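Visitor: The following block contains a protein sequence and its predicted model.
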Amino acid sequence: METTILCLKCTVLTILMKCRQYYQVNLQSIAVNGQTLPIDSSVFGPSPSNFTFVDSGTTLAFLADGAYDPFINAIRAATPPSALPFTRENGEICFSTSTSIDSAFPSVELDFVGGAKMFLYPHNYMYYVKPSVYCIGWLRNTGRQVTLLGDIVLVDKILVHDLEKKRLGWMNYDCSQPINVTTARGKKYTNSGQSLHSITTTFTVVLVVVIYITLLT
């Protein structure tokens, strides 16, 4: 039985690497405001010790140790003086700003081997702490060259898991809105935009995953 996740239109694909436990992808580089960061691509793998994977069961994201400092430095350099940086007791990098994070912080781009690109808004790497305070939700994976792309990265995206061809695809979407899905037998369903629905037909199981996350303070 084939298990897949479908969306109406999804044209951006990256190859899923062979891995028993995770959806492992071949990340190549990270760009901030269109500038590729000075990160050795080997920290992203693929190798037994260096790799990148997608896990919607993890709230935040974890960057390979060798990628963390270039990423944080680039975010801080691209942030206007009105957004005041500080470090919390737990080591998280935060900012105090009276403007919205999508206007105060830069865009980020994940580039994968083969040409696939995932464009991220500030709310895909920053999270709300309290009024006027936001923290970077991409943490250092200390001592490990493993990058984990968690829920914060996947907010307001529809994912496609093509397990037969070992591909992962996505598209940006306002996941508070309904999603229309057509199964392999031509039956149409509408997801309310609030939860996980499982749709079973004779020949296929269609899982419609809606990622609509509010990070708790």
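Guide: It's in.

Visitor: Just to confirm, what's the three-state secondary structure of the residue positioned nearest the centre of the chain?
Guide: The residue lying closest to the centre of the chain (C-alpha atoms, centre = their mean) is V153, at 2.5 Å. Under DSSP: H, G, I helix; E, B strand; the rest coil, V153 falls in the helix class.

Visitor: Now do stretch 140-153, average pLDDT.
Guide: Averaged across stretch 140-153, pLDDT comes to 92.

Visitor: Please list all residues in contact with S132.
Guide: S96, T97, S98 (C-beta atoms under 8 Å, 6 or more residues apart in numbering). From N, CA and C alone the C-beta is placed, and that goes for glycine too.

Visitor: Try it again at 10 Å.
Guide: A83, L84, F95, S96, T97, S98, T99 (C-beta atoms under 10 Å, 6 or more residues apart in numbering).

Visitor: about what we covered before: ok, the residue nearest to the centre of the chain touching G137?
Guide: Yes. Using C-beta atoms under 10 Å, V153 makes contact with G137 at a distance of 8.8 Å.

Visitor: Give me the common contacts of the two.
Guide: With C-beta under 10 Å, 6+ apart as the test, V153 and G137 both reach L60, A61, N124, Y125.

Visitor: Out of those residues, the closest to F53 would be?
Guide: Closest approach to F53 among these (C-beta to C-beta): A61, at 11.0 Å.

Visitor: Going through the contacts of S132, which ones are buried?
Guide: A83, F95, T97 (16 or more other C-beta atoms under 10 Å).

Visitor: The second one against A83, yeah?
Guide: Spelled out, it's F95. Yes. Counting by C-beta under 10 Å, A83 is a contact partner of F95 at 4.5 Å.

Visitor: what's the overlap in contacts for those two?
Guide: The overlap between the contact sets of F95 and A83 (C-beta under 10 Å, 6+ apart) consists of I75, R76, I101, A104, F105, S132, Y134.

Visitor: Spell out the residue ranges of the helices in this protein.
Guide: With DSSP state H as the criterion, the chain has helices at 65-78, 101-104, 151-154.

Visitor: and the second one, what does it pack onto?
Guide: When you say that, I think you mean helix 101-104. strand 126-130 (3 or more C-beta pairs under 10 Å, 6 or more residues apart in numbering; DSSP states H and E).

Visitor: C-alpha coordinates for the strand it packs on, PDB please?
Guide: The C-alpha coordinates for strand 126-130 follow below in PDB (Å, rounded to 0.1, in the frame of the first residue of the first chain):
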ATOM      1  CA  MET A 126      12.100  33.400  15.100                       C
ATOM      2  CA  TYR A 127       9.500  32.800  17.800                       C
ATOM      3  CA  TYR A 128       7.500  35.000  20.100                       C
ATOM      4  CA  VAL A 129       8.500  35.200  23.800                       C
ATOM      5  CA  LYS A 130       6.500  38.100  25.000                       C
END
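
Visitor: Contacts for that strand next, please.
Guide: Here strand 126-130 makes contact (C-beta under 10 Å, 6+ apart) with 59-60, 75, 88, 92-97, 101-102, 104-105, 134-138, 152, 155, 213-217.
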